[in-house]
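Undergrad: next input, structure requested:
(one chain, ligands or ions: 1)
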Amino acid sequence: MTLPNTAVVWLKRDLRSYDHEPLSLGAQHKQCIVLYIIEPQWLVQPEFHPTHLAFVLESLEVLRANGIPVLVRHGDAIEVFEQLQREVPFEALLSHRETGAFWTYQRDLEVAGWCKQQGVLWQEVDQTGVVRGLKDRDGWSRQWEARMARPLHPRVTSIPAPPGLAVQAIPTLAEVGLSTPGFTVQRGGEIKAWEVLRSFLETRGVGYATGLSSPVSAPTDCSRISPYLAYGNLSMKAIVQFTRTTLDHAREVQADPAWKRSLAAFLGRLHWHCHFMQKLESEPKIEFNNFVRSVDGLRSGDLEPPDTQTLDRLHAWQEARTGYPMIDACMRYLQEHRWINFRMRAMLVSFASYHLWIHWRQSGMVLAQRFLDFEPGIHWSQMQMQSGTTGINTVRIYSPAKQALDHDPTGAFVAKWAPEYSTGQGPAPIVDHTSAVQLAKQRIYARRKGAASFAEAQQVTELHGSRRRPRAKR
Ligand SMILES: Cc1cc2nc3c(=O)[nH]c(=O)nc-3n(C[C@H](O)[C@H](O)[C@H](O)COP(=O)(O)OP(=O)(O)OC[C@H]3O[C@@H](n4cnc5c(N)ncnc54)[C@H](O)[C@@H]3O)c2cc1C
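TA: As a prediction, the model looks like this:
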C-alpha cells in the first residue's frame with residue numbers, strides 16, 4: 001500500500017515517544033508533522049488548572065529534547081488544522097482514541113467532519129484497554145489481557161519533518177495568559193516518568209500493599225505514576241509488561257513475599273484504571289448525570305443550583321475548615337501537592353457527599369482542579385461510587401476520626417497539615433458525625449428500595465459491572 005505523502009500526528013494525552021503507535025506509523029510517511037494543540041476550550045473548563053498545562057508543556061519539552069520536533073499551536077482544533085493545511089497540505093491524520101470529557105468528544109466529532117470534507121484520512125488507534133462501541137462487559141477482561149500482551153512499539157527518535165515548517169519555542173504559561181502555580185508537584189515528561197516507574201519496580205514498591213492507605217506512607221509506597229498515565233508519558237501496555245516481568249523475576253528468585261503481594265496488587269490497580277475509564281466510554285453522560293436516575297434530586301445542586309447551606313458547606317470543605325482535623329489536613333496536603341492517595345480521596349468525597357450532603361459534581365470539580373492526574377473516566381466514576389449514586393456499589397461512609405486513628409496513629413500528619421487543632425484553635429465540627437451519617441443512610445437507602453431501583457441497578461451491572469472478583473480491596 002502506498003502511504004500518503006504527508007501525515008499529521010495529533011498528540012493529545014499521549015505525550016511520549018515510546019510505545020506510541022501513531023508516531024511509529026507517522027514516521028513511515030514521506031513527511032510527518034507532530035502537532036500539539038493548546039485548545040482555548042480546555043483552558044476555560046471548570047476542571048482545568050494551570051498545573052495541568054504546565055505538566056503538558058514540560059512533557060513537550062522532553063519530547064523535543066528526545067528528537068521529536070513537536071509543533072505547538074494555540075487555537076481551536078479546526079482552525080489550527082485549516083491553517084496547517086494551508087502551510088503544508090496533508091492527507092492523513094493519526095492519533096490515539098481519547099476517552100475524555102464531553103467537550104473533547106464534541107470536538108472530535110467536528111474534526112471527523114472536517115477531515116471528511118477535506119479528504120483527510122483520520123486513523124485513530126487504541127492506547128489503553130478501553131474498548132469503543134462495547135455493548136456489555138462480557139469478555140472485557142479477556143480483551144484487556146490480549147491488548148496488554150501486544151508487542152511494544154520501539155521508541156521513535158526521528159521524524160521526517162517537512163523542511164519549510166518553522167517549529168517555534170514551546171510557549172510558557174505566561175505566554176498562554178496563565179500565571180505559574182507555585183505548588184510542589186510532580187514534573188512532567190517521559191524521562192521523569194520512567195525514573196518514577198523504575199524506582200517503584202526496583203525498590204519503593206515493596207511496601208505498596210501495606211503502605212498505600214496511609215497519607216504518611218503512600219507518597220513513597222504508591223507508584224505515583226498517575227499523572228504520567230493521565231498525560232500518556234507512559235503507555236499502559238508498557239507498564240503492565242514491565243510489571244509482569246518484574247513479578248516473574250520475583251517469583252523465580254523467591255523474593256520477599258511482600259514484593260509478590262505488592263506487585264500483584266499493583267497489577268490489579270492497572271486493570272482498574274481501564275475498568276473505570278470504560279464506564280465513561282460506554283456511557284458518557286455519567287460525567288453529568290447519576291448512574292441511576294432513582295437518586296436524581298437527592299442532593300441540592302442536582303436538578304437545580306445548590307442552595308446557600310450547601311454552598312457554605314462546599315466552601316468550608318474546599319478551604320479546609322470543617323472542624324474535622326483529618327479532612328482539613330488531607331485537603332491542605334492535596335492543595336499543596338496536587339495528589340493524595342486513594343483512601344484519603346475516598347474519605348474526602350465520602351465526607352462531602354454523606355456528612356455534608358454536597359452533590360458529587362460540585363465537590364468533583366474542586367478535586368478535578370486539584371488532582372494533577374485528573375482523568376475524567378476514573379474521576380467521575382469514582383466520584384459517583386463514593387457518593388452512592390451508582391446503584392450497584394456498597395455504600396461506604398468513612399469516619400474521619402477512625403481514618404486518623406488507623407492511618408495517622410501518631411498524629412504527625414494532622415499536626416503538620418492542620419496544626420491549629422493541636423493548639424485548640426481549630427473550628428468546631430461543621431456537622432455532628434453520628435447524626436449526619438444516620439441521616440445520609442436513611443436518605444440513600446430510601447431511594448435504593450423498590451422494583452424500579454432494582455431494575456436500574458441490573459442495567460448498570462450489565463453495562464459497567466466487573467465480571468471478575470476484584471483482586472484487592474481498599
Ligand atoms: C474520588 C476519587 C477520584 C479519583 N480521581 C482520579 C483521577 O482523576 N485520576 C486518576 O488517575 N485516579 C483517580 N483516582 C484513583 C486513585 O486514587 C489514583 O489513581 C491514585 O491515588 C494515583 O496514585 P498512584 O499512581 O500512586 O496509584 P497506585 O496505587 O500506585 O496505582 C497505579 C495506577 O493504577 C490506577 N489506579 C489506582 N487506583 C485506582 C482506582 N481506585 N481506580 C482506578 N484506577 C486506579 C491509576 O492509574 C494509578 O496511577 C480517584 C479516586 C477517587 C476515590
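Undergrad: from residue 198, how far out is the closest residue to residue 415 other than its chain neighbours?
TA: Spatial nearest neighbour of residue 415, chain neighbours left out: residue 422 (5.3 Å); criterion: Cβ to Cβ, 6 or more residues apart in numbering. In short, each C-beta sits where N, CA and C put it, glycine included. Noted for residue 422: a distance of 39 Å to residue 198, by Cβ to Cβ, to the nearest Å.
Undergrad: same check, this time on residue 177
TA: Applying Cβ to Cβ, the value for residue 177 to residue 198 is 36 Å.
Undergrad: repeat that for residue 238.
TA: 12 Å.
Undergrad: more crowded one of the two?
TA: Neighbours per residue, other Cβ atoms under 10 Å: of residue 238 and residue 198, the larger number sits with residue 238, 18 against 13.
Undergrad: tell me the pLDDT of that one.
TA: pLDDT for residue 238: 98.
Undergrad: any idea whether it is helix, strand or coil?
TA: helix (DSSP: H, G, I helix; E, B strand; the rest coil).
Undergrad: quick one: the closest residue to it other than its chain neighbours from the ligand, how far?
TA: Nearest residue to residue 238, sequence neighbours excluded (Cβ to Cβ, 6+ apart): residue 19, at 4.7 Å. Using Cβ to the nearest ligand atom, to the nearest Å, residue 19 is found at 16 Å from the ligand.
Undergrad: now do residue 359
TA: 14 Å.
Undergrad: now residue 128
TA: With Cβ to the nearest ligand atom as the criterion, residue 128 and the ligand are 10 Å apart.
Undergrad: that residue - how many residues pack around it?
TA: Residue 128 has 24 nearby residues by other Cβ under 10 Å.
Undergrad: next, the buried residues of the lowest-mean-pLDDT helix or strand in the chain.
TA: Ranked by mean pLDDT, DSSP states H and E, the weakest helix or strand in the chain is helix 451-464, scoring a mean of 81. Buried residues in helix 451-464, counted by 16 or more other Cβ atoms under 10 Å: 453, 456-457, 460-461, 463-464.
Undergrad: touching, residue 218 and residue 211? I think so.
TA: Yes - shown here, residue 218 and residue 211 form a contact pair, counting by Cβ atoms under 8 Å, at 6.1 Å.
Undergrad: quick one: contacts for the residue of the stretch 51-200 of the chain found nearest the ligand?
TA: Closest to the ligand within the stretch 51-200 of the chain is residue 200: 7.3 Å, counting by Cβ to the nearest ligand atom. For residue 200, the contact set (Cβ atoms under 8 Å, 6 or more residues apart in numbering) comprises 208, 223-225, 266.
Undergrad: if you set the cut-off to 6 Å instead, what comes out?
TA: Residues in contact with residue 200 (Cβ atoms under 6 Å, 6 or more residues apart in numbering) are residue 223.
Undergrad: can you give me phi and psi for it?
TA: Main-chain torsions, residue 200, degrees, to the nearest 10: phi -70, psi -50.
Undergrad: buried stuff in stretch 152-170?
TA: 153, 155-156, 159, 161-162, 170.
Undergrad: now swap in stretch 114-130 and tell me
TA: 114, 118, 120, 122, 124, 126-130.
Undergrad: out of the residues you listed, what pair is the most spread apart?
TA: Greatest spatial distance among the buried residues of stretch 114-130 (Cβ to Cβ): 118 and 129, at 32.0 Å.
Undergrad: what's the residue nearest to residue 102 when sequence neighbours are not counted sitting at in phi/psi?
TA: Among residues not flanking residue 102 along the chain, residue 287 sits closest, at 5.7 Å (Cβ to Cβ, 6+ apart). The phi/psi pair for residue 287 (degrees, to the nearest 10) reads phi -70, psi -30.
Undergrad: isn't residue 287 up against residue 381?
TA: No - assessed by Cβ atoms under 6 Å, residue 287 is found out of contact with residue 381, at 9.6 Å.
Undergrad: separation between the residue nearest to residue 415 and the ligand?
TA: Taking Cβ to the nearest ligand atom, one finds residue 422 at 27 Å from the ligand.
Undergrad: that residue: neighbour count?
TA: Residue 422 has 13 nearby residues by other Cβ under 10 Å.
Undergrad: so for it, what's the pLDDT?
TA: Per the predicted model, pLDDT is 94 at residue 422.
Undergrad: residue 127 versus that one, what's the distance?
TA: On the measure of Cβ to Cβ, residue 422 and residue 127 end up 47 Å apart.
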